[in-house]
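Asks: coordinates only, sequence not included:
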């Protein structure tokens, strides 16, 4: 089968073995997949993932021990927990120590003709939600995660106008919450303005005017983002931290205690919630699509997504 | 009047001008004061506080525009807000940008014969609560702050067996919560064991066995404490950060996002709540008292409190 491998550089292969679903797993045919910055980091060694790349997808169910899934169009939770530990039984298994993660850790990913996931991870996509919208389910879920706890007192600032920042703005606007997006790219900021966010290009102005905001969602993808967030948020405010910082970093942590801040780390979210947002027409992430490639040109999709300030690049599966 | 000044080194003076209460403020006679590590940091330049040291006290009300306070024995909230800003009107003024802080910022402190505080900051001490217990109201309030949000799932670890760590253990035990204290001083750990905490001397063992705990209260007084806390707490657990880290520090922040942690900074608490704990006999901080000096020997109290692993040093006011 056709698949995009992670190592030693993104490399297309035409003879990848067909994945074999284990008990409780479904075999899926990829319809559309998305390229995430994490995929690019993996090609540079992050997570030491060896195998097929990709964790954003919409697919058809080809095989399943549960016949009600057959033929359904689905997205899925990328964390496949053991199903037996405390985290799997009492929470969502996102932190199961024996989990595999689609295209990231121990499980071949979605940039391929076929993939497998546990049936319990699947979420059906309603007919009126397009493939190009449904493929955003995973990043949209990550963007939405942790936002419910934010009060509206004294405003909400989102830092970073990349994909994650823009999807976060969409989630906040979906519940009509006032939000200011601070970024660096006029073209990206324009998308947020179009759905009622205030936007600020930090290239043109300092951030002084936004000091004292009640909550900051940090989605810059840079370690410096947390430090900016700590400086902007008011005493007893909340910072939702979405950037995974892989290296040790020197930072002034004193504001956390002196200003009695709350910092909430957020990584993955609830894919079912994301599909509900899409089904209700409350968000339209397709505005983020910048380019698309067929699966047999998937190396080019990675190259395109690696360019600075690129939003979403999609990969189309082969026809059924 | 007799007072202990902060600069250039702790220096006793016999001719400090008597403090003059402003409108809405009471004049207090210090009965007993406590020495805090913050006082020692101030003598080394922290907060650039120039004036009388000390912010832990129990005192008698000598003068007040509200006659119901006259003669009362009181403790007080050390943060004196402007009373008019949003933080003062809707919260507790602890983060009022124009506030003074007793013995720390812009207001002479409690290591003196007399001090002043706004009447709205005062909390009466019930007769059956001793001076030696009441003088702990401020640090006990700081210890208690932020603990209500901690679940008991998967246990609570307190890091640091100094004054703040031990008072934190007392607050948790006051509501019968199971807690493990990890420290370095057998003598201090013994106090926690006496009130039903599990105790661990980290000099004798690694911390591996406590990985996966649901919540960590960080009270080590060291920047490394946060890093230890981030390593111990389970995914989606909570870290209450009580150490004020004054310098930039290199730290691996990745666990916050990857493990979706909640970090809560905590500085000052509710002095009224602390007095309620003392009045109900739920905590006995007097076990922390290690030494006491009269006010006219207050320089020695600072010297004594500066020695490693010292718990509480008290200063007795002059007789009325």
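Replies: Done, it's in. All values reported here derive from a predicted model rather than from experimental measurement.
Asks: whichever residue of the stretch 101-250 of chain A sits closest to chain B: how many residues sit nearby?
Replies: Nearest residue of the stretch 101-250 of chain A to chain B (Cβ to the nearest Cβ) works out as residue A:235 at 3.3 Å. In short, each C-beta sits where N, CA and C put it, glycine included. Residue A:235 has 18 neighbouring residues, counting by other Cβ atoms under 10 Å in any protein chain shown.
Asks: which parts of the stretch 101-250 of chain A are helices?
Replies: Per DSSP state H, counting those that start in this stretch, the stretch 101-250 of chain A carries helices over the ranges A:131-134, A:137-144, A:163-174, A:186-194, A:224-232.
Asks: the shortest one - contacts with which helices or strands?
Replies: Helices and strands touching helix A:131-134, as assessed by 3 or more Cβ pairs under 8 Å, 6 or more residues apart in numbering or on different chains; DSSP states H and E, comprise strand A:25-35, strand A:73-76, helix A:271-279.
Asks: now the second one, how far from the centre of its chain.
Replies: Pointing back at strand A:73-76 there. 15 Å (Cα atoms, centre = their mean, to the nearest Å).
Asks: buried set for it?
Replies: A:73, A:74, A:75, A:76 (16 or more other Cβ atoms under 10 Å in any protein chain shown).
Asks: let's have the residues you listed in CSV, adding distance to chain B.
Replies: Below are the buried residues of strand A:73-76 laid out as CSV (distance: Cβ to the nearest Cβ, whole Å):
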residue, distance to chain B
A:73, 29
A:74, 25
A:75, 21
A:76, 19
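Asks: and the two most separated of these?
Replies: Spanning the widest gap among the buried residues of strand A:73-76 are A:73 and A:76, at 11.4 Å by Cβ to Cβ.
Asks: pull up the overlap in contacts between those two.
Replies: residue A:59 (Cβ atoms under 8 Å, 6 or more residues apart in numbering or on different chains).
Asks: circling back: tabulate the helices of the stretch 101-250 of chain A (CSV), appending mean pLDDT.
Replies: Converted to CSV, the helices of the stretch 101-250 of chain A look like this (pLDDT from 0 to 100):
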stretch, mean pLDDT
helix A:131-134, 98
helix A:137-144, 97
helix A:163-174, 97
helix A:186-194, 97
helix A:224-232, 90
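Asks: spell out for me which residue occupies the centre of chain A.
Replies: Compute the mean C-alpha point of chain A, and by Cα atoms, centre = their mean the closest residue is residue A:139, 2.3 Å away.
Asks: for it, which non-adjacent residue is spatially closest?
Replies: Spatial nearest neighbour of residue A:139, excluding adjacent residues (Cβ to Cβ, 6 or more residues apart in numbering or on different chains): residue A:167 at 5.8 Å.
Asks: burial of that neighbour, as a residue count?
Replies: 24.
Asks: quick one, what contacts it?
Replies: Residue A:167 sits next to A:136, A:139, A:140, A:142, A:143, A:144, A:283, A:285, A:288 when contact means Cβ under 8 Å, 6+ apart.
Asks: residue A:27 too?
Replies: So residue A:27 contacts A:19, A:21, A:61, A:62, A:63, A:64, A:114, A:115, A:116 (Cβ under 8 Å, 6+ apart).
Asks: repeat for residue A:233
Replies: A:213, A:214, A:215, A:216, A:239, A:259, A:261.
Asks: restrict the residues you listed to those near chain B?
Replies: Within the set of these, contact with chain B (Cβ under 8 Å from any Cβ of the partner chain) is found for A:259, A:261.
Asks: please flag which of the contacts of residue A:233 sit within strands.
Replies: Among the contacts of residue A:233, the residues falling in strands (DSSP state E) are A:213, A:214, A:215, A:216, A:239.
Asks: TSV please, covering these and showing pLDDT, distance to residue A:101 and neighbour count.
Replies: Putting the ones in strands among the contacts of residue A:233 into TSV (pLDDT from 0 to 100; distance: Cβ to Cβ, whole Å; neighbours: other Cβ atoms under 10 Å in any protein chain shown) gives the following:
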residue	pLDDT	distance to residue A:101	neighbour count
A:213	95	33	20
A:214	94	33	17
A:215	96	29	28
A:216	97	28	31
A:239	96	25	28
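Asks: run through the residues of the stretch 201-320 of chain A sitting next to chain B.
Replies: Residues of the stretch 201-320 of chain A lying near chain B (Cβ under 8 Å from any Cβ): A:223, A:226, A:234-236, A:241-267.
Asks: so among the residues you listed, which ones count as buried?
Replies: For these, buried by 16+ other Cβ under 10 Å: A:223, A:226, A:234-236, A:241-246, A:249, A:251, A:253-257, A:259-267.
Asks: out of these, which are inside strands?
Replies: For those, secondary structure assignment (DSSP E) places A:234, A:235, A:236, A:241, A:249, A:251, A:262, A:263, A:264, A:265 in strands.
Asks: mind pulling up the pLDDT for the fourth one?
Replies: Going back to what we said before, that points to residue A:241. Looking at residue A:241, its pLDDT reads 93.
Asks: residue A:308 now?
Replies: pLDDT recorded at residue A:308 is 86.
Asks: number of nearby residues for it?
Replies: Residue A:308: 5 neighbours (other Cβ under 10 Å).
Asks: please apply the same query to residue A:290.
Replies: 16.
Asks: show me what contacts it?
Replies: A:304, A:310, A:311, A:312, A:313.
Asks: show the contacting residues for the residue in the stretch 51-200 of chain A positioned nearest to chain B.
Replies: Of all residues in the stretch 51-200 of chain A, the one sitting closest to chain B is residue A:95 (3.3 Å; Cβ to the nearest Cβ). The neighbours of residue A:95, taking Cβ under 8 Å, 6+ apart as the test, are A:87, B:234, B:235, B:236, B:259, B:260.
Asks: closest one of those residues to residue A:180?
Replies: For these, the nearest to residue A:180 is residue B:260 (24.8 Å; Cβ to Cβ).
Asks: residues in contact with the closest one?
Replies: Per Cβ under 8 Å, 6+ apart, neighbours of residue B:260: A:94, A:95, A:264, A:265, A:266, A:267, B:235, B:236.
Asks: among the ones in strands among the buried ones among the residues of the stretch 201-320 of chain A next to chain B, show me the least confident.
Replies: Out of those, that is residue A:249, at 77.
Asks: list, one by one, the residues from the stretch 51-200 of chain A near chain B.
Replies: Residues of the stretch 51-200 of chain A lying near chain B (Cβ under 8 Å from any Cβ): A:87, A:91, A:94, A:95.
Asks: so the first one makes contact with residue A:93?
Replies: Yes. Because the distance of 5.7 Å satisfies Cβ atoms under 8 Å, residue A:87 is recorded as touching residue A:93.
Asks: spit out the residues that contact those two alike.
Replies: residue A:81.
Asks: residue A:62 belongs to a helix?
Replies: No. Counting by DSSP: H, G, I helix; E, B strand; the rest coil, residue A:62 is not found in a helix; it is strand.
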